[in-house]
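1. next one to model:
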Amino acid sequence: MKATLKNILLALLFAAAGPQAAFADEIAAKFKGLPYPIEVVLDGSQKAGDVLFQTPYSEPPAAAYNTILVQGLMPDPEVKVEFSVKPKNLLAKPPVVTRADFRRYANGRFWAKFRVPLTSQPVRLSVLDLGAAAASTLAIYETELLVEEDTKEAPVPFSTATYVPDPAWFVPANAPFRLIRRQAWSAQPPTEAYSTHTPTGFTLHHTQGNYPQTLQAAINEVQFVQDYHQTAKEWIDIGYHFLIDPAGNIFEGRPIGVIGAHVLRKNPGNIGISIIGNYHPPVSNPITPASLGSFVSVGSYVKDTYSIQVSSFYAHRDIGNTDCPGDDLYAKKTQLSALIFTPQTRPVQVVPANAPPLSPAQQRALKLLMDSFD
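-> Numbering: from 1, shown residues only. Sure, this is the predicted structure:
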(Lines give C-alpha, C1' and ligand atoms only; values in the text may rest on other atoms or scores of the structure.)
Protein backbone atom coordinates (compact mmCIF):
# COMPACT_ATOMS: atom_id res chain seq x y z
CA MET A 1 0.00 0.00 0.00
CA LYS A 2 2.81 2.40 0.89
CA ALA A 3 4.62 1.64 -2.37
CA THR A 4 1.43 2.22 -4.36
CA LEU A 5 0.80 5.54 -2.61
CA LYS A 6 4.43 6.55 -3.24
CA ASN A 7 4.09 5.84 -6.96
CA ILE A 8 0.87 7.83 -7.16
CA LEU A 9 2.46 10.80 -5.42
CA LEU A 10 5.52 10.62 -7.67
CA ALA A 11 3.33 10.53 -10.76
CA LEU A 12 1.43 13.61 -9.58
CA LEU A 13 4.68 15.39 -8.77
CA PHE A 14 6.20 14.87 -12.19
CA ALA A 15 2.90 15.56 -13.95
CA ALA A 16 2.78 18.92 -12.23
CA ALA A 17 6.23 19.74 -13.61
CA GLY A 18 4.87 20.25 -17.12
CA PRO A 19 4.34 18.41 -20.42
CA GLN A 20 6.40 15.36 -21.21
CA ALA A 21 8.78 16.17 -24.04
CA ALA A 22 10.67 12.87 -23.89
CA PHE A 23 10.16 9.29 -22.82
CA ALA A 24 12.39 6.37 -21.94
CA ASP A 25 10.98 2.93 -22.62
CA GLU A 26 11.33 0.37 -19.84
CA ILE A 27 9.91 -2.87 -21.31
CA ALA A 28 12.73 -5.40 -21.54
CA ALA A 29 12.44 -8.77 -23.26
CA LYS A 30 13.17 -11.32 -20.54
CA PHE A 31 14.29 -14.83 -21.45
CA LYS A 32 14.00 -17.42 -18.70
CA GLY A 33 17.39 -18.55 -17.43
CA LEU A 34 19.26 -16.02 -19.59
CA PRO A 35 20.22 -12.89 -17.67
CA TYR A 36 21.80 -10.05 -19.62
CA PRO A 37 24.31 -9.90 -21.10
CA ILE A 38 23.42 -12.92 -23.19
CA GLU A 39 26.72 -14.24 -24.53
CA VAL A 40 27.16 -16.38 -27.64
CA VAL A 41 30.60 -17.97 -28.04
CA LEU A 42 31.80 -18.47 -31.62
CA ASP A 43 34.68 -20.94 -31.82
CA GLY A 44 35.34 -20.46 -35.53
CA SER A 45 34.18 -23.94 -36.53
CA GLN A 46 30.67 -22.95 -37.58
CA LYS A 47 29.56 -22.68 -41.23
CA ALA A 48 27.90 -19.78 -43.00
CA GLY A 49 24.15 -20.02 -42.57
CA ASP A 50 24.32 -21.95 -39.29
CA VAL A 51 22.04 -20.93 -36.44
CA LEU A 52 24.61 -20.36 -33.72
CA PHE A 53 22.25 -19.66 -30.87
CA GLN A 54 18.56 -19.33 -30.14
CA THR A 55 16.76 -18.25 -27.00
CA PRO A 56 13.48 -19.70 -25.83
CA TYR A 57 10.49 -17.42 -26.32
CA SER A 58 10.55 -14.54 -23.88
CA GLU A 59 8.20 -14.07 -21.00
CA PRO A 60 4.92 -12.44 -22.10
CA PRO A 61 5.58 -8.70 -22.53
CA ALA A 62 3.91 -6.29 -20.14
CA ALA A 63 2.39 -4.33 -23.02
CA ALA A 64 1.92 -4.42 -26.78
CA TYR A 65 4.83 -3.38 -28.99
CA ASN A 66 5.65 -2.82 -32.65
CA THR A 67 9.41 -2.23 -32.38
CA ILE A 68 12.30 -4.31 -31.06
CA LEU A 69 15.62 -2.67 -30.17
CA VAL A 70 18.73 -4.64 -29.32
CA GLN A 71 22.22 -3.43 -28.45
CA GLY A 72 25.44 -5.14 -27.49
CA LEU A 73 28.96 -6.06 -28.57
CA MET A 74 29.66 -7.83 -31.90
CA PRO A 75 33.44 -8.31 -32.32
CA ASP A 76 32.98 -10.13 -35.65
CA PRO A 77 30.74 -8.39 -38.21
CA GLU A 78 29.94 -11.69 -39.97
CA VAL A 79 27.15 -12.44 -37.52
CA LYS A 80 23.44 -11.64 -37.79
CA VAL A 81 20.87 -11.12 -35.03
CA GLU A 82 17.24 -11.92 -35.84
CA PHE A 83 13.93 -12.04 -33.97
CA SER A 84 10.76 -14.06 -34.39
CA VAL A 85 7.38 -13.57 -32.73
CA LYS A 86 5.47 -16.48 -31.25
CA PRO A 87 2.24 -17.15 -33.18
CA LYS A 88 -0.97 -16.98 -31.18
CA ASN A 89 -1.74 -20.61 -32.05
CA LEU A 90 -0.09 -23.41 -34.00
CA LEU A 91 -2.12 -22.71 -37.14
CA ALA A 92 -1.58 -18.95 -37.12
CA LYS A 93 1.00 -17.36 -39.35
CA PRO A 94 3.74 -15.76 -37.24
CA PRO A 95 4.07 -11.98 -37.62
CA VAL A 96 6.83 -10.91 -39.98
CA VAL A 97 9.76 -9.18 -38.26
CA THR A 98 11.76 -6.86 -40.49
CA ARG A 99 15.08 -5.26 -39.65
CA ALA A 100 14.61 -1.54 -40.07
CA ASP A 101 18.10 -0.36 -39.22
CA PHE A 102 21.47 -1.61 -38.02
CA ARG A 103 24.71 0.04 -36.97
CA ARG A 104 28.00 -1.49 -35.88
CA TYR A 105 31.01 0.54 -34.74
CA ALA A 106 34.68 -0.27 -35.28
CA ASN A 107 35.00 -1.37 -31.64
CA GLY A 108 32.17 -3.90 -32.10
CA ARG A 109 29.41 -1.97 -30.33
CA PHE A 110 26.18 -2.39 -32.27
CA TRP A 111 22.48 -1.75 -32.21
CA ALA A 112 19.68 -3.01 -34.43
CA LYS A 113 16.06 -1.99 -34.84
CA PHE A 114 13.24 -4.29 -35.94
CA ARG A 115 9.59 -3.63 -36.78
CA VAL A 116 6.63 -5.97 -36.37
CA PRO A 117 2.84 -5.56 -36.58
CA LEU A 118 1.50 -4.45 -33.19
CA THR A 119 1.48 -7.48 -30.89
CA SER A 120 1.87 -8.54 -27.29
CA GLN A 121 3.27 -12.00 -28.10
CA PRO A 122 6.63 -13.25 -26.77
CA VAL A 123 9.74 -12.94 -28.95
CA ARG A 124 12.69 -15.22 -29.65
CA LEU A 125 16.23 -14.10 -30.49
CA SER A 126 18.41 -16.01 -32.95
CA VAL A 127 22.05 -15.55 -33.93
CA LEU A 128 23.12 -16.64 -37.42
CA ASP A 129 26.58 -17.10 -38.89
CA LEU A 130 27.38 -15.10 -42.04
CA GLY A 131 30.89 -16.44 -42.49
CA ALA A 132 32.67 -15.58 -39.25
CA ALA A 133 36.05 -17.30 -39.17
CA ALA A 134 37.78 -16.18 -35.99
CA ALA A 135 36.72 -17.08 -32.47
CA SER A 136 34.80 -14.33 -30.67
CA THR A 137 31.95 -13.75 -28.24
CA LEU A 138 28.78 -11.88 -29.18
CA ALA A 139 27.14 -10.13 -26.23
CA ILE A 140 23.55 -8.90 -26.11
CA TYR A 141 23.34 -6.19 -23.44
CA GLU A 142 19.69 -5.31 -23.79
CA THR A 143 16.53 -6.09 -25.77
CA GLU A 144 13.71 -3.56 -25.59
CA LEU A 145 10.11 -3.85 -26.78
CA LEU A 146 8.26 -0.62 -27.46
CA VAL A 147 5.59 1.20 -29.41
CA GLU A 148 7.73 3.49 -31.51
CA GLU A 149 5.18 6.29 -31.77
CA ASP A 150 4.90 6.48 -27.97
CA THR A 151 8.62 6.73 -27.27
CA LYS A 152 9.67 9.36 -29.78
CA GLU A 153 10.20 12.83 -28.42
CA ALA A 154 7.58 15.41 -29.30
CA PRO A 155 9.22 17.87 -31.70
CA VAL A 156 9.49 21.48 -30.59
CA PRO A 157 9.00 23.96 -33.46
CA PHE A 158 11.98 26.07 -34.39
CA SER A 159 12.99 28.07 -37.44
CA THR A 160 15.00 26.83 -40.40
CA ALA A 161 17.96 28.84 -39.13
CA THR A 162 20.80 26.95 -37.44
CA TYR A 163 19.64 25.96 -33.97
CA VAL A 164 21.94 27.27 -31.25
CA PRO A 165 20.93 26.31 -27.68
CA ASP A 166 21.03 29.13 -25.15
CA PRO A 167 24.40 29.06 -23.32
CA ALA A 168 22.49 29.78 -20.10
CA TRP A 169 21.05 26.25 -20.23
CA PHE A 170 24.48 24.65 -19.76
CA VAL A 171 26.54 24.12 -16.61
CA PRO A 172 28.65 27.30 -16.22
CA ALA A 173 32.41 27.34 -16.62
CA ASN A 174 32.92 27.90 -12.89
CA ALA A 175 31.20 24.65 -11.87
CA PRO A 176 33.02 22.93 -8.96
CA PHE A 177 34.01 19.89 -11.03
CA ARG A 178 35.83 19.12 -14.27
CA LEU A 179 33.46 18.52 -17.17
CA ILE A 180 34.21 17.05 -20.58
CA ARG A 181 32.07 19.30 -22.74
CA ARG A 182 30.00 18.10 -25.68
CA GLN A 183 32.44 19.55 -28.18
CA ALA A 184 35.34 17.64 -26.59
CA TRP A 185 33.62 14.25 -27.03
CA SER A 186 32.34 15.20 -30.52
CA ALA A 187 28.65 15.19 -29.63
CA GLN A 188 26.16 15.43 -32.45
CA PRO A 189 23.81 18.44 -32.31
CA PRO A 190 20.21 17.89 -31.19
CA THR A 191 17.86 16.97 -34.02
CA GLU A 192 15.13 19.26 -32.68
CA ALA A 193 14.90 22.18 -30.30
CA TYR A 194 15.12 21.43 -26.57
CA SER A 195 12.32 22.02 -24.07
CA THR A 196 13.49 23.91 -20.99
CA HIS A 197 12.78 23.07 -17.36
CA THR A 198 13.86 23.94 -13.83
CA PRO A 199 15.54 20.99 -12.08
CA THR A 200 13.61 19.67 -9.08
CA GLY A 201 15.37 16.31 -8.59
CA PHE A 202 17.98 13.95 -10.00
CA THR A 203 18.20 10.25 -10.80
CA LEU A 204 21.03 7.70 -10.66
CA HIS A 205 21.41 5.37 -13.66
CA HIS A 206 23.88 2.96 -15.22
CA THR A 207 24.31 2.62 -18.97
CA GLN A 208 24.16 -1.22 -18.99
CA GLY A 209 26.84 -1.31 -21.67
CA ASN A 210 30.61 -1.37 -22.04
CA TYR A 211 32.92 -0.74 -19.07
CA PRO A 212 35.62 1.54 -20.54
CA GLN A 213 39.21 1.14 -19.39
CA THR A 214 40.56 4.29 -21.05
CA LEU A 215 39.38 7.82 -21.75
CA GLN A 216 39.10 7.10 -25.48
CA ALA A 217 37.03 4.00 -24.77
CA ALA A 218 34.74 6.12 -22.58
CA ILE A 219 34.37 8.71 -25.35
CA ASN A 220 33.51 5.91 -27.80
CA GLU A 221 30.85 4.60 -25.42
CA VAL A 222 29.27 8.03 -24.88
CA GLN A 223 29.15 8.53 -28.65
CA PHE A 224 27.49 5.12 -29.02
CA VAL A 225 24.89 5.95 -26.37
CA GLN A 226 24.04 9.22 -28.11
CA ASP A 227 23.64 7.48 -31.47
CA TYR A 228 21.50 4.72 -29.92
CA HIS A 229 19.26 7.35 -28.34
CA GLN A 230 19.10 9.67 -31.35
CA THR A 231 18.94 7.20 -34.24
CA ALA A 232 17.48 3.99 -32.83
CA LYS A 233 15.08 5.52 -30.30
CA GLU A 234 14.57 8.72 -32.30
CA TRP A 235 15.10 11.04 -29.37
CA ILE A 236 16.44 14.49 -30.12
CA ASP A 237 19.67 13.93 -28.18
CA ILE A 238 21.38 11.67 -25.68
CA GLY A 239 18.91 11.05 -22.87
CA TYR A 240 21.16 11.79 -19.86
CA HIS A 241 22.44 15.13 -18.62
CA PHE A 242 25.71 13.68 -17.28
CA LEU A 243 27.65 10.45 -17.82
CA ILE A 244 30.52 9.34 -15.57
CA ASP A 245 33.20 6.78 -16.49
CA PRO A 246 35.11 4.49 -14.07
CA ALA A 247 38.04 6.96 -13.96
CA GLY A 248 35.71 9.69 -12.69
CA ASN A 249 35.56 11.67 -15.95
CA ILE A 250 32.27 13.56 -16.19
CA PHE A 251 30.77 13.94 -19.67
CA GLU A 252 28.27 16.65 -20.54
CA GLY A 253 25.08 15.22 -22.03
CA ARG A 254 22.02 17.38 -22.49
CA PRO A 255 22.20 20.88 -21.05
CA ILE A 256 21.13 20.86 -17.42
CA GLY A 257 18.45 23.43 -18.17
CA VAL A 258 16.50 21.25 -20.63
CA ILE A 259 14.29 18.17 -20.29
CA GLY A 260 16.10 14.85 -20.68
CA ALA A 261 14.90 11.38 -21.70
CA HIS A 262 15.91 8.87 -19.04
CA VAL A 263 12.84 7.88 -16.96
CA LEU A 264 9.50 6.95 -18.49
CA ARG A 265 7.10 9.91 -18.15
CA LYS A 266 9.11 11.47 -15.33
CA ASN A 267 11.58 13.68 -17.17
CA PRO A 268 10.59 17.32 -16.58
CA GLY A 269 12.66 18.70 -13.70
CA ASN A 270 14.58 15.41 -13.45
CA ILE A 271 18.36 15.43 -14.04
CA GLY A 272 19.72 12.12 -15.33
CA ILE A 273 23.20 11.12 -14.13
CA SER A 274 24.42 7.80 -15.52
CA ILE A 275 27.53 5.86 -14.49
CA ILE A 276 29.00 4.10 -17.52
CA GLY A 277 29.05 0.31 -17.16
CA ASN A 278 26.85 -2.53 -15.91
CA TYR A 279 26.45 -2.82 -12.13
CA HIS A 280 23.96 -5.67 -12.01
CA PRO A 281 24.64 -9.41 -11.59
CA PRO A 282 25.97 -11.43 -13.31
CA VAL A 283 28.18 -8.66 -14.79
CA SER A 284 28.77 -6.58 -11.66
CA ASN A 285 31.48 -4.29 -13.05
CA PRO A 286 33.74 -2.87 -10.31
CA ILE A 287 32.34 0.32 -8.78
CA THR A 288 35.23 2.76 -8.47
CA PRO A 289 35.64 5.45 -5.80
CA ALA A 290 36.44 7.84 -8.66
CA SER A 291 33.05 7.36 -10.33
CA LEU A 292 31.21 7.62 -7.01
CA GLY A 293 33.16 10.73 -6.05
CA SER A 294 32.24 12.38 -9.35
CA PHE A 295 28.59 11.43 -8.85
CA VAL A 296 28.70 13.09 -5.42
CA SER A 297 30.23 16.21 -6.99
CA VAL A 298 27.54 16.47 -9.67
CA GLY A 299 24.72 15.58 -7.27
CA SER A 300 25.96 18.16 -4.77
CA TYR A 301 26.10 20.83 -7.46
CA VAL A 302 22.55 20.07 -8.61
CA LYS A 303 21.32 19.95 -5.02
CA ASP A 304 22.95 23.27 -4.05
CA THR A 305 22.12 25.14 -7.27
CA TYR A 306 18.45 24.20 -7.32
CA SER A 307 17.72 23.69 -3.59
CA ILE A 308 16.78 20.04 -4.07
CA GLN A 309 15.65 17.99 -1.07
CA VAL A 310 16.93 14.52 -0.22
CA SER A 311 13.50 13.05 -1.04
CA SER A 312 14.02 14.10 -4.68
CA PHE A 313 17.16 12.00 -5.17
CA TYR A 314 16.08 8.81 -6.93
CA ALA A 315 17.58 5.70 -8.38
CA HIS A 316 15.91 4.78 -11.65
CA ARG A 317 14.19 1.74 -10.14
CA ASP A 318 12.60 3.95 -7.46
CA ILE A 319 10.43 5.61 -10.10
CA GLY A 320 10.46 3.14 -12.99
CA ASN A 321 9.91 -0.55 -13.77
CA THR A 322 13.57 -1.45 -14.25
CA ASP A 323 16.64 -3.00 -12.62
CA CYS A 324 18.62 0.19 -13.31
CA PRO A 325 21.06 1.25 -11.87
CA GLY A 326 21.80 -2.38 -11.02
CA ASP A 327 21.77 -4.08 -7.63
CA ASP A 328 25.39 -3.23 -6.87
CA LEU A 329 25.12 0.49 -7.60
CA TYR A 330 21.70 0.73 -5.97
CA ALA A 331 23.25 -0.61 -2.77
CA LYS A 332 25.41 2.55 -2.68
CA LYS A 333 22.48 4.95 -2.90
CA THR A 334 22.10 5.51 0.87
CA GLN A 335 25.79 6.32 1.23
CA LEU A 336 25.74 8.60 -1.82
CA SER A 337 22.72 10.39 -0.40
CA ALA A 338 24.47 10.98 2.93
CA LEU A 339 27.55 12.41 1.22
CA ILE A 340 25.48 14.75 -0.95
CA PHE A 341 22.96 15.94 1.60
CA THR A 342 25.21 16.04 4.69
CA PRO A 343 27.66 18.88 3.92
CA GLN A 344 30.22 18.06 6.62
CA THR A 345 30.93 14.68 5.00
CA ARG A 346 30.85 15.79 1.39
CA PRO A 347 34.03 15.00 -0.64
CA VAL A 348 35.26 16.84 -3.69
CA GLN A 349 35.29 15.21 -7.12
CA VAL A 350 37.82 12.41 -7.48
CA VAL A 351 39.80 13.43 -10.55
CA PRO A 352 41.33 11.11 -13.17
CA ALA A 353 44.86 9.79 -12.72
CA ASN A 354 46.36 12.12 -15.35
CA ALA A 355 45.06 15.24 -13.57
CA PRO A 356 47.33 17.49 -11.42
CA PRO A 357 48.19 16.14 -7.93
CA LEU A 358 45.49 16.43 -5.28
CA SER A 359 45.84 19.01 -2.58
CA PRO A 360 46.03 17.85 1.06
CA ALA A 361 42.38 18.81 1.53
CA GLN A 362 41.39 16.80 -1.54
CA GLN A 363 43.41 13.83 -0.33
CA ARG A 364 41.56 13.91 3.00
CA ALA A 365 38.23 14.10 1.16
CA LEU A 366 39.18 11.15 -1.04
CA LYS A 367 40.13 9.09 2.00
CA LEU A 368 36.78 9.97 3.60
CA LEU A 369 34.96 8.85 0.51
CA MET A 370 36.84 5.56 0.21
CA ASP A 371 36.38 4.82 3.93
CA SER A 372 32.63 5.44 3.60
CA PHE A 373 32.33 2.73 0.94
CA ASP A 374 34.39 0.04 2.65
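2. contacts and neighbour counts: CA atoms only from here.
-> Fine.
3. strands of the stretch 151-300 of the chain, residue ranges please.
-> Secondary structure of the stretch 151-300 of the chain, counting by DSSP state E, counting those that start in this stretch: strands at 201-206, 242-244, 250-252, 270-275.
4. out of the ones you listed, deepest packed?
-> The highest average neighbour count among the strands of the stretch 151-300 of the chain, using mean count of other Cα atoms under 10 Å, belongs to strand 270-275 at a mean of 28.
5. low-confidence stretches in the chain?
-> Applying pLDDT under 70 to the chain flags residues 1-26, 154-161, 343-374.
6. circling back: let me have the strands of the stretch 151-300 of the chain in CSV, extended by distance to Ala218.
-> CSV is the format used below for the strands of the stretch 151-300 of the chain (distance: least, Cα to Cα, whole Å):
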stretch, distance to Ala218
strand 201-206, 13
strand 242-244, 9
strand 250-252, 9
strand 270-275, 11
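7. out of the ones you listed, which comes closest to Tyr163?
-> Closest approach to Tyr163 among the strands of the stretch 151-300 of the chain (Cα to Cα): strand 250-252, 18.5 Å.
8. from the contact counts, what lies against the closest one?
-> Contact here means 3 or more Cα pairs under 8 Å, 6 or more residues apart in numbering; DSSP states H and E; on that basis strand 250-252 packs against strand 242-244.
9. pairing partners for the strand it packs on, with directions?
-> Paired neighbours of strand 242-244 in the sheet (DSSP bridges): strand 250-252 (antiparallel), strand 270-275 (parallel).
10. now those in a markdown table, with distance to Gln226?
-> Formatted as a markdown table, those follow (distance: least, Cα to Cα, whole Å):
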| stretch | distance to Gln226 |
| --- | --- |
| strand 250-252 | 11 |
| strand 270-275 | 13 |
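11. which of the ones you listed sits closest to Ala139?
-> Each of the strands paired with strand 242-244 has some distance to Ala139 by Cα to Cα; the shortest is strand 270-275, at 19.8 Å.
12. and the contacts of that closest one?
-> For strand 270-275, the surrounding residues in contact (Cα atoms under 8 Å, 6 or more residues apart in numbering) are 199-207, 239-246, 256, 259-260, 262, 291, 295.
13. between it and strand 201-206, how many degrees?
-> Interaxial angle of strand 270-275 relative to strand 201-206 (axes from the mean of the first three to the mean of the last three Cα atoms, to 10 degrees): 30 degrees.
14. strand 270-275: how far from the chain's middle?
-> Centroid displacement of strand 270-275 relative to its chain, using Cα atoms, centre = their mean, to the nearest Å, is 9 Å.
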